[in-house]
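1. give me a model of this one.
(one chain, ligands or ions: 1)
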Amino acid sequence: MKAIITGASSGMGAEMARILSRKGYDVVLVSRTRENLEKVAKDIKTKVDIVPLDLTVEANCHKLYDLYKDEDIDILINCAGSGVYGFLDKTNMEDELQSIKLDVIAVQILTKLFYEKFMRENKGRIMNVSSIAAFQPGPLMASYYASKVYVYSLTIALYEEIRRRKRNVKVHVLCPGPTKTNFIKKCGVSFAVKEMSCERVCEYAIKQMFKDKLIIIPGPLYKLMKFAERFSPETFTIKFAYRMQKKKADRLVKQEKRRAKLESKKQVK
Ligand SMILES: NC(=O)c1ccc[n+]([C@@H]2O[C@H](COP(=O)([O-])OP(=O)(O)OC[C@H]3O[C@@H](n4cnc5c(N)ncnc54)[C@H](OP(=O)(O)O)[C@@H]3O)[C@@H](O)[C@H]2O)c1
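-> So this is what the prediction gives:
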């Protein structure tokens with residue numbers, strides 16, 4: 001039994017690799033940083049391959065597939081992801097595009113290639129890591145939220161393709177809420193709600209995956225949120241999403257007001 005996990009050098013990818021290894025799976029750990037992958041590999045008791053690749057480079061996604069296309073792969077978890085925080089008119093264009101390459105393009109390429117393989121073989125699972133960000137637009141992380149909608153929609157569409165053709169391939173979309181990992185620090189976001197523990201989120205995710213659940217939402221609050229979203233107009237949910245990321249947003253708004261004040265003072269002089 002073998003699983004490929006992207007974003008396996010930290011956070012949820014690393015934790016899901018550890019859990020799958022405890023269940024007897026050999027694991028393929030993918031991310032950019034060899035050193036961090038090697039640290040994770042120390043906890044793995046089954047066979048482990050370390051594949052350092054930058055998945056924002058399309059050719060590297062194909063390379064990963066080529067490495068494993070002739071092997072017996074049971075699970076692909078597309079977990080690598082990044083996001084950019086801030087008002088869209090203030091964020092860096094290149095950072096935004098790099099995130100989209102990872103969160104959308106890499107997920108698209110790897111999902112399609114392994115989906116083709118799994119459909120041919122009539123076996124295999126793909127778990128794509130989206131987010132509760134897929135449930136409503138996200139002011140202050142606008143592109144990230146949009147990316148996660150893509151991942152969510154893509155995965156759910158495949159479920160119906162598989163069902164119609166009665167094939168034995170499984171797809172899953174994991175939609176965590178704020179979770180304690182490096183992600184929050186890297187994006188520079190801080191949430192108004194308490195983060196869930198990474199271990200709890202991943203234990204739940206893997207358990208639900210083996211129960212063949214399509215949409216996996218860890219935590220009762222976020223399940224409720226998904227339910228409530230059906231009855232809430234988007235003009236309301238965007239306010240909620242803004243509040244979720246509020247602490248840092250307040251600081252940004254203050255900074256912007258201060259800057260505007262200084263500039264208007266300068267103009268008066
Ligand atoms: N934490 C949250 O609150 C939260 C909530 C909902 C959804 N998510 C999603 O969960 C997933 C995992 O994030 P996490 O929270 O576990 O964060 P994390 O600890 O920052 O993990 C991100 C992983 O992606 C890898 N990565 C980043 N850029 C890459 C690239 N260009 N090529 C290959 N790998 C790359 C990182 O490794 P290297 O730096 O070594 O490349 C790392 O292993 C992401 O898709 C994220 O959007 C997170």
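2. what is the mean pLDDT for stretch 169-184?
-> If you average the pLDDT over stretch 169-184, you get 95.
3. then that stretch to CSV, C-alphas only?
-> Taking Å, rounded to 0.1, in the frame of the first residue of the first chain, the C-alpha atoms of stretch 169-184 are listed here in CSV:
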residue,chain,number,x,y,z
VAL,A,169,-12.2,5.3,-7.6
LYS,A,170,-12.8,7.5,-4.6
VAL,A,171,-12.4,11.3,-4.3
HIS,A,172,-12.5,13.4,-1.2
VAL,A,173,-12.3,17.1,-0.5
LEU,A,174,-11.0,18.1,2.9
CYS,A,175,-12.3,21.5,4.2
PRO,A,176,-10.6,22.4,7.4
GLY,A,177,-11.2,25.7,9.3
PRO,A,178,-8.3,27.5,10.9
THR,A,179,-5.8,24.9,12.0
LYS,A,180,-2.6,25.2,14.0
THR,A,181,0.2,24.9,11.4
ASN,A,182,2.8,27.1,9.8
PHE,A,183,0.3,28.2,7.2
ILE,A,184,-1.2,30.9,9.4
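4. distance from it to the middle of the chain?
-> Computed by CA atoms, centre = their mean, to the nearest Å, the chain-centroid distance of stretch 169-184 equals 5 Å.
5. could you check whether it is close to the ligand?
-> Yes - using CB under 6 Å from any ligand atom, stretch 169-184 reaches the ligand at 176, 178-179, 181-184. For glycine as for every other residue, the C-beta is placed from the backbone atoms N, C-alpha and C.
6. tell me which stretches of the stretch 101-250 of the chain form helices.
-> Here the stretch 101-250 of the chain has its helices, by DSSP state H, counting those that start in this stretch, at 107-121, 142-164, 182-187, 198-210, 220-229, 234-244, 246-268.
7. buried ones in the shortest one?
-> Buried positions in helix 182-187, judged by neighbour count with 16 or more other CB atoms under 10 Å: 183-184, 187.
8. now the fourth one
-> Of the residues in helix 198-210, those buried by neighbour count under the rule 16+ other CB under 10 Å are 198, 201-202, 204-206, 208-209.
9. quick one on the thing from earlier: which one of the buried residues of helix 182-187 is nearest the ligand?
-> Taking CB to the nearest ligand atom as the measure, residue 183 is the one of these closest to the ligand, at 3.2 Å.
10. what residues are up against the residue most central in space within the chain?
-> By CA atoms, centre = their mean, the chain has its centre lying nearest to residue 129, at 3.9 Å. Residues near residue 129 by CB atoms under 8 Å, 6 or more residues apart in numbering: 7, 12, 77-79, 81, 151, 173-174, 176.
11. relative to residue 263, which of these is nearest.
-> Each of these was scored against residue 263 by CB to CB, and residue 81 proved nearest at 36.3 Å.
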